[in-house]
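# Here you go, sequence then predicted model.
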Amino acid sequence: MRNREIEEERIRSLIHGMVAGYEEYRADAFADLYAEDAELTNVVGRTLSGRQAVLGHLRRLFAEPRFLAGRPVGETRSQLRWVTDDVVVVRTYQERAGQQTTSGAVLPTRRTHSLKVLRREDDAWRVVSDFYMDEREDSSLTYEDGSPGDG
């Protein structure tokens, strides 16, 4: 069994690299972070399969002026959960303001969650699944505290 504290530091470094890549709009920053067989599902439900498809998507996204109009609001938060010694799930949350729709309308502040599955490969951690979702105000379920729930 490996030292989890050391491994968590390595994983947090990978997540920090992903956040920096997004904030600096650099698709090349992701080249070594995704596994060859990685999948990314974006906030509109489109799934890209394979490292090259994911990197191609990021290059296109980072070249899009309507995406570039957005800026992070506050720090990206993350939580890590071990599944096995070689698999970790990382949840992240970030807010972005100023992004635009394809018609140029400014979106409300986006509250984006991601669920990343990382696998140890050749003594390096790689993202094998990356799933993004934006919070919504509307819902078909209300929690006991009155807040909107899943649905």
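Sure thing, it's come through.
# all helices for this protein, in order.
4-24, 51-62, 65-68 (DSSP state H).
# bridging residues for the residue positioned nearest the centre of the chain?
Residue closest to the average C-alpha location in the chain (CA atoms, centre = their mean): residue 114, at 4.4 Å. For residue 114, the beta-bridge partners are residue 92, residue 132 (DSSP bridges).
# Any figure for the gap between it and residue 142?
With distances taken as CB to CB, to the nearest Å, residue 114 is found 25 Å from residue 142. In short, each C-beta sits where N, CA and C put it, glycine included.
# likewise residue 102?
Remark: distance between residue 102 and residue 142 (CB to CB) = 32 Å.
# so where's the chain uncertain?
Within the chain, the stretches with pLDDT under 70 are 1-2, 146-151.
# The longest strand along it pairs with which strands?
Ordering each strand of the chain by length in residues (DSSP state E) puts strand 71-84 first. When pairs are called by DSSP bridges, strand 71-84 turns out to pair with strand 87-97 (antiparallel).
# Return the distance of the strand it pairs with from the chain's centre.
The chain centroid and the centroid of strand 87-97 are separated by 5 Å, computed with CA atoms, centre = their mean, to the nearest Å.
# any idea of the angle that strand forms with helix 4-24?
Using axes from the mean of the first three to the mean of the last three CA atoms, to 10 degrees, the inter-axis angle of strand 87-97 relative to helix 4-24 is 30 degrees.
# Thanks a lot, catch you later.
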